[in-house]
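Asks: Predicted model, plus sequence, below.
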Amino acid sequence: MTDRYDLVVIGSGPAGQKAAIQGAKAGCRVAIVERGAAVGGECVQRGTIPSKTLRETAVALASFRQRSGNVLDLQMPEGTKISSLLTRLDEVVQSHQRYIGDQLRRNGIDLIHGRARFVSPVEVEVQSVQGARRRLAAGTIVIAVGSTPRVPPNVPIDHEHVLDSDSILSLQYLPRSLTVIGAGVIASEYASIFATLGVQVTMVDKAPRPLGFLDPELTDRFVAEFERSGARYVANAAIASVAADGISVVTTLESGEVLTSDKLLCALGRVASVDGLNLTAAGLAANTRGLIEVDAHLRTVVPHIYAVGDVIGPPALATSAMEQGRRAVCHAMGLPAGLSGETMPVGVYTIPEMACVGLDEAAARERHGEILVGRAAFREIARGHISNARDGFLKMVAAADGSRVLGVQIIGEGATELVHLGQLAMIGAQPVEVFIENIFNFPTLAEAYRVAALDLLSRRADAGLRLRHAAAPVEERDGARVP
Ligand SMILES: Cc1cc2nc3c(=O)[nH]c(=O)nc-3n(C[C@H](O)[C@H](O)[C@H](O)COP(=O)(O)OP(=O)(O)OC[C@H]3O[C@@H](n4cnc5c(N)ncnc54)[C@H](O)[C@@H]3O)c2cc1C
C-alpha cells in the first residue's frame, strides 16, 4: 500500500526540518523520513551542537585566563576526561531533539523512522530497522540526507587513534598532542578548541592559510592567535602517510617532515550521503564530486524533486541548510521566499570566532572597482578593554560613496552575533552613516560598527579632498604656480 502526501522530506537535519515545517505551514500533508534513532541530523548528534558544547568549556577557560590578566596559569590536569568537558551535552542534545520532535508534531508532520530509497520519481520506499517496508508517494520530494566525513585512502581512520569529526568527541581522555589534517571549518574549529584546552596541536594543510574562503586579514589574525596559544599551522604541506602504532600516530609529510602525536583528527571534507538512495530510480545521478546538482531554486533535474543542505555541497552549514530547506518548499508551493544570496552570513566558531556577510575587500574591488574600507580594532572600544578582547577587529566594506554596505568581516569575541547588524544594514540597503547616526549601548562591542564607519567615511572625505585638490587650479593646489 502507498501513503500519499503532498510533500515527502528525506532526512531530519536542519535542511529537512525547515523544509517539512514550511510545507506544513503552507497547508501540505507532509511526511519526514529519518533513518537515525533520533531527529536532528548531524547538526544535533555529532556536529554543530556537540562541538559547540566543547567549545563553550574552552572559551570559558580562555576567558578566565585572560580576565585574570593571565596571572592564573590554568592547565587541564593530565587524564582529563573529554566527557567532563562536555558539560550539559546530553541535556542540550536531548532538549534540542525534544524541541524538534515537538515542532514536527505540532505542525502535524508524520515522522517515519526508516531508511528511504527511491522506487520511482514520485515514490519512496521506507525500510524500518525491523525490516518492514512501506511506500510514500508525493507531488514534491525534498532530499535532505546530509553528509558524512570523507575518508581519504592514505589515512587509516580507526576511531581510536586516528579519528574523524564523528568520532573525535568519543575520545575518552584529552590527548596531550593532536595532529589535525585539513584547514576547513571543522578542522580549524577543533584545532583551536583543543589548543585552547592545552593540547599541543599541529594543523596541516595544502593551503597557504586555513579557511581560504575568508578575508585573508581575518585568517592571518586567526593563525597568529592560534600560534600564540602554542599551536602550529603547517602550510603548503601534503600528507605522504599516516600510521598508528597503538601508542602514537606518525604523520609523514611529503616534505619529509615527521609529526608524532597522541591522536590525529582527519577533517578533509565530507561526502554526500547519497549511497542507498537509489537515485537512478528517480531519474537522478550524483555529479563527479558525489553531490546532487540543483538550480537557483534548489530543484534537481527532475523538477518536482529538490535537494538541500550538505547533499548539494558548499557552504555546508546548518545556517544555509535551514534556509535552503525553507526556500525549496516555498518555490515548490509557489510562495515568495524573500531575499537570498548576498546576505547569507557565515559564522566560524574557531577561538577566536570569525564571521562575515557580503563581499570581502578583494571581491568588492573586483566587482565594483572603487570601494571604501573602514576598520575598528576591538582595543579601540571600551568593551574590548573590559573583556580583554583586544585582538578582535571589524572590517566594513562599502560602495565608494558610502551609500551602501557591501560586506562586513569580523574576528574576535561575539563575531558571529555582531555580524547580524551588518547583515541588516545590507538587507535594508542602508548607507554607512546609519552606524553613526544611531545610538549603540555603551560599552558594547557593537560600537565597533560606529568606529569602522567613521574610519570608512574619513577615507571618503580624504578621497573627496584629493579629488577636489586634483581638480583645483594649480596655484590653489600647491599654494604656488608650478612652472
Ligand atoms: C563538527 C561539526 C561542526 C559543525 N559546526 C557548525 C556550525 O557551527 N554552524 C553551522 O551552521 N554548521 C555547522 N556544521 C555543519 C552542519 O552540521 C551541517 O551543515 C548540517 O547538519 C547539514 O544539515 P543537513 O540537514 O543537510 O544534513 P544532516 O544534518 O547531516 O542531516 C541529514 C539527515 O538525513 C538522514 N538520512 C540520510 N540518509 C537517509 C535516508 N536514506 N533515509 C532517511 N534518512 C536519511 C541522516 O540520518 C540525518 O539525520 C558542523 C558540522 C560538523 C561535522
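Replies: Happy to help now that I have it.
Asks: Can you report phi and psi for Glu78?
Replies: Main-chain dihedrals, Glu78, degrees, to the nearest 10: phi -60, psi 140.
Asks: contacting residues around it?
Replies: Arg176 (C-beta atoms under 8 Å, 6 or more residues apart in numbering). For glycine as for every other residue, the C-beta is placed from the backbone atoms N, C-alpha and C.
Asks: tell me, how many neighbours does the closest residue to the ligand within the stretch 201-350 of the chain end up with?
Replies: Here the residue of the stretch 201-350 of the chain nearest the ligand is Gly309; by C-beta to the nearest ligand atom that distance is 2.1 Å. Using other C-beta atoms under 10 Å, Gly309 is surrounded by 34 other residues.
Asks: Isn't it up against Ala144?
Replies: Yes. Counting by C-beta atoms under 8 Å, Ala144 is a contact partner of Gly309 at 5.0 Å.
Asks: Give the intersection of the neighbour lists for the two.
Replies: Gly11, Gly13, Ala15, Gly16, Ala321, Gly325.
Asks: just these that are near the ligand?
Replies: Residues of the shared contacts of Gly309 and Ala144 in contact with the ligand (C-beta under 6 Å from any ligand atom): Gly11, Gly13, Ala15, Gly16, Ala321.
Asks: okay, the residues you listed in JSON lines with secondary structure and neighbour count next?
Replies: Formatted as JSON lines, these follow (DSSP: H, G, I helix; E, B strand; the rest coil; neighbours: other C-beta atoms under 10 Å):
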{"residue": "Gly11", "secondary structure": "coil", "neighbour count": "31"}
{"residue": "Gly13", "secondary structure": "coil", "neighbour count": "32"}
{"residue": "Ala15", "secondary structure": "helix", "neighbour count": "34"}
{"residue": "Gly16", "secondary structure": "helix", "neighbour count": "29"}
{"residue": "Ala321", "secondary structure": "helix", "neighbour count": "29"}
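Asks: quick one on the thing from earlier: same list (the shared contacts of Gly309 and Ala144) but as JSON lines, adding pLDDT and distance to Arg404.
Replies: JSON lines is the format used below for these (pLDDT from 0 to 100; distance: C-beta to C-beta, whole Å):
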{"residue": "Gly11", "pLDDT": "98", "distance to Arg404": "38"}
{"residue": "Gly13", "pLDDT": "97", "distance to Arg404": "35"}
{"residue": "Ala15", "pLDDT": "98", "distance to Arg404": "31"}
{"residue": "Gly16", "pLDDT": "98", "distance to Arg404": "36"}
{"residue": "Ala321", "pLDDT": "96", "distance to Arg404": "29"}
{"residue": "Gly325", "pLDDT": "98", "distance to Arg404": "30"}
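Asks: Might you report the residue contacts of the residue of the stretch 201-350 of the chain closest to the ligand?
Replies: 11, 13-16, 144-146, 316, 320-321, 324-325.
Asks: Now that we have the residues you listed, can you turn them into JSON lines and tack on distance to Asp220?
Replies: Below are the contacts of Gly309 laid out as JSON lines (distance: C-beta to C-beta, whole Å):
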{"residue": "Gly11", "distance to Asp220": "37"}
{"residue": "Gly13", "distance to Asp220": "33"}
{"residue": "Pro14", "distance to Asp220": "31"}
{"residue": "Ala15", "distance to Asp220": "33"}
{"residue": "Gly16", "distance to Asp220": "37"}
{"residue": "Ala144", "distance to Asp220": "36"}
{"residue": "Val145", "distance to Asp220": "37"}
{"residue": "Gly146", "distance to Asp220": "32"}
{"residue": "Ala316", "distance to Asp220": "24"}
{"residue": "Ser320", "distance to Asp220": "25"}
{"residue": "Ala321", "distance to Asp220": "29"}
{"residue": "Gln324", "distance to Asp220": "31"}
{"residue": "Gly325", "distance to Asp220": "35"}
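Asks: Out of these, flag the one nearest to Arg117.
Replies: Val145 (10.6 Å; C-beta to C-beta).
Asks: can you give me the helices in the stretch 251-400 of the chain?
Replies: 279-282, 318-332, 361-368, 382-386 (DSSP state H, counting those that start in this stretch).
Asks: between these, which has the poorest average model confidence?
Replies: For those, the weakest mean pLDDT is recorded on helix 382-386, namely a mean of 85.
Asks: how far does that helix sit from the chain's center?
Replies: Computed by C-alpha atoms, centre = their mean, to the nearest Å, the chain-centroid distance of helix 382-386 equals 27 Å.
Asks: So for it, what gets flagged as buried?
Replies: Arg383, Gly384 (16 or more other C-beta atoms under 10 Å).
Asks: What residues does this structure have near the ligand?
Replies: Going by C-beta under 6 Å from any ligand atom, the residues of the chain near the ligand are 10-16, 33-36, 41-43, 47-48, 51-52, 115-116, 144-147, 165, 186, 273, 276-277, 309-311, 316-319, 321, 349.
Asks: Give me the buried entries from the residues you listed.
Replies: 10-16, 33-35, 41-43, 47-48, 51, 115-116, 144-147, 165, 186, 273, 277, 309-311, 316-318, 321, 349.
Asks: most packed of the helices of the stretch 251-400 of the chain?
Replies: helix 318-332 (a mean of 23; mean count of other C-beta atoms under 10 Å).
Asks: Compute the inter-axis angle for the longest strand along the chain and helix 318-332.
Replies: Taking DSSP state E as the criterion, the chain has its longest strand at strand 133-143. Counting by axes from the mean of the first three to the mean of the last three C-alpha atoms, to 10 degrees, strand 133-143 lies at 100 degrees to helix 318-332.
Asks: What pairs with strand 133-143, parallel or antiparallel?
Replies: Using DSSP bridges, the strands paired with strand 133-143 are strand 2-10 (parallel), strand 123-127 (antiparallel), strand 305-307 (parallel).
Asks: quick revisit: from the shared contacts of Gly309 and Ala144, pick the one nearest Pro77.
Replies: For the shared contacts of Gly309 and Ala144, the nearest to Pro77 is Gly13 (36.3 Å; C-beta to C-beta).
Asks: check contacts around that closest one.
Replies: Gly40, Gly41, Glu42, Cys43, Val44, Ala144, Gly146, Gly309, Asp310, Ala318, Ala321.
Asks: before we move on, the earlier item: please point out which parts of the longest strand of the chain sit buried.
Replies: Leu136, Ala138, Thr140, Ile141, Val142, Ile143.
Asks: from those residues, which is closest to Phe222?
Replies: Ile143 (34.3 Å).
Asks: Spit out the contact partners of the closest residue to the closest one other than its chain neighbours.
Replies: In space, and not counting its chain neighbours, Ile143 is closest to Ala307: 4.3 Å by C-beta to C-beta, 6 or more residues apart in numbering. Contact analysis of Ala307 by C-beta under 8 Å, 6+ apart lists Val142, Ile143, Ala144, Ile292, Glu293, Val294, Leu298, Thr300, Ala328.
Asks: go on, Leu339?
Replies: So Leu339 contacts Ile427 (C-beta under 8 Å, 6+ apart).
Asks: next one: Asp215
Replies: Contacts of Asp215 (C-beta under 8 Å, 6+ apart): Cys356, Asp360, Glu361, Ala362, Lys395, Gln409.
Asks: Same check on Leu178?
Replies: Ala191, Phe194, Val199, Gln200, Val201, Thr202, Ser261, Asp262, Lys263, Leu264, Leu265.
Asks: Check the secondary structure at it for me.
Replies: Secondary structure state of Leu178, per DSSP: H, G, I helix; E, B strand; the rest coil, is strand.
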